[in-house]
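Participant: Compute the structure for the input listed below.
(one chain, ligands or ions: 2)
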Amino acid sequence: MVVVSNSLTAVAAHRERIAELVGVTGTAELPVADCLGLVLALDLVAPVALPPFDNSAMDGYAVRAADVAAVPVALPVTDDIPAGRAASTPLEPGTAQRIMTGAPLPAGADAVVQVEWTDGGTSSVRVDRGVPAGANVRRAADDVAVGTTVLVAGTVLGPAQLGLAAALGFGSLPVRRRPRVLVLSTGSELVGPGEVLAPGQIYESNGVMLAAAVREAGGEAELLRFVPDDVAAFRAAVEPRLAAFDLLLTSGGVSAGAYEVVKDAFTGRGVEFTRVAMQPGGPQGAGRYLGVAVATLPGNPVSAQVSFEVFIRPALRAAMGHAVVQRPTVVAKLSSPLTSPAGRTQFRRGRYDPASGQVVTPVGGPGSHLLSALALSDCLIEVPEDVTELAAGADVLVRFLH
Ligand SMILES: Nc1nc2c(c(=O)[nH]1)N[C@H]1C(S)=C(S)[C@@H](COP(=O)(O)OP(=O)(O)OC[C@H]3O[C@@H](n4cnc5c(N)ncnc54)[C@H](O)[C@@H]3O)O[C@H]1N2
Ligand code: MOO
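Facilitator: Ligands and ions are numbered 1, 2, ... in the order given. The predicted structure is shown next:
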């Protein structure tokens with residue numbers, strides 16, 4: 001692990017460590033409807049053509065273009081072809097067949113006259129405007145030929161990709177499965193919603209926040225809350241569950257206090273604790289416990305969420321096979337001056353306003369308990385390790401939170 005001065009671990013080194021621990025999830029065959037946002041694990045090859053047959057692009061009349069070269073002309077209507085049914089008879093010269101959008105073109109027809117250019121007749125039709133051969137006809141395989149690789153492995157499946165898979169008849173797709181994360185909050189002071197706060201107690205918030213962050217990143221989260229500051233209780237709560245998960249994500253219990261349950265439970269058992277050169281989010285731990293990846297985040301709510309953004313989200317995205325694992329960034333002008341601790345990357349919370357010349361405004365101070373400021377923010381302002389002061393108007397890197 002790369003370590004920077006005064007024995008702090010570099011942010012990038014800790015990020016790599018977490019990504020390496022989480023690794024890449026396996027492949028699963030999932031129903032197409034459940035694949036939104038997932039990454040295709042294998043190339044998708046078309047088992048059918050799109051369209052599968054020549055068909056009409058318009059409601060109208062299937063004709064031979066030569067028969068409507070001179071208009072107006074009256075043609076007997078010999079068949080009626082709704083979508084979903086094939087023509088029962090080939091089109092004879094000098095006749096028309098009424099046809100609906102998407103219905104198969106009868107043999108012998110080479111064009112469709114849209115209904116607006118006719119009198120709409122059912123036994124005989126008067127065609128008022130001629131069409132060239134091929135008009136309003138969608139040819140078989142116009143879009144996709146059988147055997148074409150339509151989507152390559154690594155494609156992120158959005159609505160259009162899922163629509164294409166469905167159009168080709170796929171009911172399920174091979175994808176990288178979602179990483180499963182057990183989110184665990186520790187702290188004897190934590191109580192749940194609806195309970196009356198006794199002196200010294202607070203409502204638990206990190207679990208809800210981190211589980212939501214896991215889901216937003218594309219993972220599956222299970223929340224385990226309100227574990228007391230007791231090593232035996234902690235291990236008893238965690239151990240029976242671990243095998244079902246790709247990552248155990250804890251918050252709290254890792255700094256220098258007398259009751260650091262996470263640190264006490266994992267020290268010397270495969271998890272290393274360190275201080276990362278960042279603020280907030282200094283105290284971090286990473287490793288493997290009973291074979292499962294573990295990341296321990298600090299308990300202060302803003303520290304926990306910023307740590308998630310910096311370390312956990314990229315690892316989960318990489319685990320799912322995403323090529324782009326980082327949020328988008330932009331360089332913006334700082335609206336007001338900032339100070340930052342020497343030797344640490346500071347992640348201040350901010351609001352970005354593209355309208356006023358790409359200005360970013362810090363929201364709240366640097367305190368890692370300022371959760372409401374985080375909730376009002378849409379980005380992190382990243383101040384490099386070697387920068388301790390920034391004037392208003394300085395260029396800063398903005399990392400979006402959405
Ligand atoms: N002597 C030192 N004290 C502290 C240091 C240090 O280096 N030396 N580091 C500080 C920093 S920085 C951080 S960050 C915190 C990290 O502490 P822990 O990870 O051990 O977290 P806790 O002590 O359990 O809690 C910190 C704070 O956050 C609240 N918290 C914790 N879990 C939750 C939760 N699930 N929901 C809501 N709030 C939570 C907790 O009540 C505390 O107020 O340590 C500093 N101290
Ligand atoms: O590094 Mo701590 O995470 O600021 O509150």
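
Participant: Where does the closest residue to ligand 1 within the stretch 301-402 of the chain fall, secondary structure wise?
Facilitator: Nearest residue of the stretch 301-402 of the chain to ligand 1: residue 303, at 4.0 Å (C-beta to the nearest ligand atom). To be clear about C-beta, it is placed using only N, CA and C from the backbone, and glycine gets the same treatment. Per DSSP states H and E, residue 303 falls inside helix 301-307.

Participant: What is the neighbour count of the residue of the stretch 51-200 of the chain found nearest ligand 2?
Facilitator: Residue nearest to ligand 2 within the stretch 51-200 of the chain (C-beta to the nearest ligand atom): residue 187, separated by 14.1 Å. Using other C-beta atoms under 10 Å, residue 187 has 22 other residues around it.

Participant: cool, and residue 281?
Facilitator: Residue 281, neighbours per other C-beta under 10 Å, totals 29.

Participant: surely it meets residue 296?
Facilitator: No. Between residue 281 and residue 296 there is no contact under C-beta atoms under 8 Å: 11.5 Å.

Participant: Tell me the residues on this protein that lie near ligand 2, please.
Facilitator: 279, 280, 281, 282, 298, 300, 303, 368 (C-beta under 6 Å from any ligand atom).

Participant: coming back round to it: same for the helix holding residue 303, what does it pack against?
Facilitator: If you count contacts as 3 or more C-beta pairs under 8 Å, 6 or more residues apart in numbering; DSSP states H and E, helix 301-307 packs onto helix 206-217, strand 292-297, helix 371-375.

Participant: Tell me the residues of the stretch 101-250 of the chain that contact ligand 1?
Facilitator: Checking the stretch 101-250 of the chain against ligand 1 by C-beta under 6 Å from any ligand atom, the hits are 185, 187, 189, 190, 202, 204, 205, 206, 207.

Participant: Quick check: the two most widely separated of the residues you listed?
Facilitator: Pairwise distances across these (C-beta to C-beta) peak at 13.6 Å, for the pair 189 and 207.

Participant: In the protein, which residue sits nearest ligand 1?
Facilitator: Closest contact between the chain and ligand 1, by C-beta to the nearest ligand atom, is at residue 299 (2.5 Å).

Participant: Excluding chain neighbours, give the residue nearest to that residue in space.
Facilitator: Leaving aside its chain neighbours, residue 299 sits nearest to residue 252 (3.0 Å; criterion: C-beta to C-beta, 6 or more residues apart in numbering).

Participant: Please tell me I have it right and the one you found contacts residue 303.
Facilitator: No. Using C-beta under 8 Å, residue 252 is not in contact with residue 303, being 9.7 Å away.

Participant: Neighbour count: the two, which is higher?
Facilitator: The neighbour comparison of residue 252 against residue 303 (other C-beta under 10 Å) goes to residue 252, with 28 against 25.

Participant: Relative to ligand 2, how far out is the more buried one?
Facilitator: Distance, residue 252 to ligand 2, using C-beta to the nearest ligand atom, to the nearest Å: 11 Å.

Participant: and if you look at residue 335?
Facilitator: Residue 335 is 23 Å from ligand 2, by C-beta to the nearest ligand atom.

Participant: Now do the contacts for that residue.
Facilitator: Contact analysis of residue 335 by C-beta atoms under 8 Å, 6 or more residues apart in numbering lists 359, 360, 361, 362, 392.

Participant: May I see those residues organised as CSV, with neighbour count added?
Facilitator: What follows is those, written out as CSV (neighbours: other C-beta atoms under 10 Å):
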residue, neighbour count
359, 19
360, 27
361, 17
362, 20
392, 11
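
Participant: need the next SSE after the least confident helix or strand in the chain by mean pLDDT, C-terminal direction.
Facilitator: Here the helix or strand of the chain ranked lowest by mean pLDDT, DSSP states H and E is strand 3-4, holding a mean of 45. Later in the chain than strand 3-4, the nearest helix or strand by DSSP H and E is strand 8-9.

Participant: helices or strands up against the helix or strand just after that following strand?
Facilitator: Once strand 8-9 ends, the next helix or strand along the chain (criterion: DSSP H and E) is helix 11-22. The contact analysis (3+ C-beta pairs under 8 Å, 6+ apart) places helix 11-22 against strand 283-289, strand 292-297, helix 313-319.

Participant: any chance of these in CSV, plus mean pLDDT?
Facilitator: As requested, the helices and strands packed on helix 11-22 are exported to CSV (pLDDT from 0 to 100):
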stretch, mean pLDDT
strand 283-289, 97
strand 292-297, 98
helix 313-319, 98
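
Participant: Ok, which of these comes nearest residue 334?
Facilitator: helix 313-319 (24.4 Å).

Participant: After the closest one, which helix or strand is next? Please name it.
Facilitator: strand 329-334.

Participant: Check the offset of whichever helix or strand comes after that following strand from the chain's centre.
Facilitator: For strand 329-334, the following helix or strand on the C-terminal side (DSSP H and E) is strand 338-339. Strand 338-339 has its C-alpha centroid displaced from the chain centroid by 34 Å (C-alpha atoms, centre = their mean, to the nearest Å).

Participant: Same check on stretch 136-151?
Facilitator: Chain-centre distance of stretch 136-151: 28 Å, with C-alpha atoms, centre = their mean.
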